[in-house]
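# Fold the following and give me the result.
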Amino acid sequence: MTWRTLDIAKNLPSLSSDYSASILQNGISVYIGGQEDTGLTYHPLVKMKNIIFNSKNVTGVDVEGRIRFSSQEMDVLLRIIIFGRVYVDTLRFNSKMYLYDITNDTWITNFNPPIPIPSIPPVPIPSIPPIPLISPIQILAFVLVLILAQVLKKHLQETHYTF
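Numbering: from 1, shown residues only. So this is what the prediction gives:
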């Protein structure tokens, strides 16, 4: 990997710090917020393949400018969720969450995501093979005992012992 200096002069956004950038699956970086912004009514976009800057005007609810916050691409529908904001006095915090719909350049503040209900799969009861009442080994042992008893009886009769 080699570092290089880019010579970019067209459509550059104003200098900013404390922004959040999300790199989308389509290779576009979306910069949100920062120290220079007065609100979140436009976003600088960068096509990373050829480093082309562009800006999008954003409609919808007026989301106040912010610093020290996070953003994250949510899904293949090209939405970014942003959350958090520390005010200049650093004593107050904005806990609201916003969705930015990239395909329509709109802030979405009213959303009710489905809450998944955890399903607990039934615990399978281990199947125990049925135990036969008499196993083949038991039958064989019984037959051997009978044979041995007959042999012993015959032997005792030959030696003149009686029962």
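# Run through this protein and note the low-pLDDT ranges.
For the chain, the stretches with pLDDT under 70 are 1-21, 23, 26-29, 31-98, 109-114, 131-132, 160-163.
# Break it into its domains for me.
20-108, 131-163 (automatic domain parsing).
# Surely Lys22 is within a strand?
Not quite, residue 22 is Ser, not Lys. Yes: counting by DSSP: H, G, I helix; E, B strand; the rest coil, Ser22 is located in a strand.
# Val30: how many residues sit nearby?
For Val30, the count of nearby residues is 20 (other CB atoms under 10 Å). Bear in mind the C-beta positions are built from the backbone N, C-alpha and C, glycine included.
# Quick one: classify it as helix, strand or coil.
Per three-state DSSP, Val30 ends up strand.
# Who does it form a beta bridge with?
Ser22, Leu45 (DSSP bridges).
# Hmm, it is touching Asp101, no?
No: at 11.5 Å, Val30 does not count as touching Asp101 under the criterion of CB atoms under 8 Å.
# Now do Gln138 against Leu152, distance only.
21 Å (CB to CB, to the nearest Å).
# ugh, wrong one, I meant Thr103
Counting by CB to CB, the gap from Thr103 to Leu152 is 95 Å.
# No more questions from me, cheers.
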